[in-house]
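Participant: no sequence for this one, just the structure:
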């Protein structure tokens, strides 16, 4: 049975949707907490540039004020991209303060406290693709590029 182009496209799109649904690859976004304590960012027992925080696309970092006078600004001090993605606002010492940012793109993102950047209160987050992202898309890519004879 010969299909016209429109029918073939509808069938291909339907198969693609079924493949995505059946792939069963659903990743739950996570929240990672970095504390602002004294003159340091602290995560998992490490501080500032020693923090090795690698998250997936879609995950969120939550900065929580524990002690000290702080803010959180993206970028490294003096970087032309500083303050272009996120900024928690003016520095504060209110320990009920927190700031969250969801990372939707891959890359390495620096951040710092404007008050303490001169003494090294600087860190970064590495954002990688979510597990299974490429695997889930593989059947769709194959179906969309497959030609009927």
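Facilitator: Noted; the coordinates are in hand. Model, not experiment: these values are computed from the prediction. Numbers count the residues shown, from 1 in each chain.
Participant: and the residue positioned nearest the centre of the chain, what is it in contact with?
Facilitator: The centre of the chain sits closest to residue 103, judged by Cα atoms, centre = their mean, with a distance of 2.6 Å. Taking Cβ atoms under 8 Å, 6 or more residues apart in numbering, we find residue 103 in contact with 55, 57-61, 109, 125, 127. (C-beta placed from N, C-alpha, C; glycine too.)
Participant: one more time with 6 Å, if that's ok
Facilitator: With contact taken as Cβ atoms under 6 Å, 6 or more residues apart in numbering, residue 103 is in contact with residue 127.
Participant: Show me the domain layout of this structure.
Facilitator: The chain breaks down by automatic domain parsing into domains covering 5-25+133-145, 31-128.
Participant: ranking those by mean pLDDT, which is last?
Facilitator: Note on the domains of the chain: domain 5-25+133-145 shows the lowest mean pLDDT, a mean of 47.
Participant: any idea how far residue 100 lies from residue 58?
Facilitator: 13 Å (Cβ to Cβ, to the nearest Å).
Participant: just residue 109 next, same as before
Facilitator: Distance, residue 109 to residue 58, using Cβ to Cβ: 14 Å.
Participant: swap in residue 110?
Facilitator: Taking Cβ to Cβ, one finds residue 110 at 20 Å from residue 58.
Participant: try residue 44
Facilitator: Applying Cβ to Cβ, the value for residue 44 to residue 58 is 20 Å.
Participant: who has more neighbours, these two?
Facilitator: Counted by other Cβ atoms under 10 Å, residue 44 and residue 58 do not tie: residue 58 has more neighbours, with 16 against 12.
Participant: wait, is that one part of a helix?
Facilitator: No. Counting by DSSP: H, G, I helix; E, B strand; the rest coil, residue 58 falls outside a helix, being coil.
Participant: Please consider this matter closed, and thank you.
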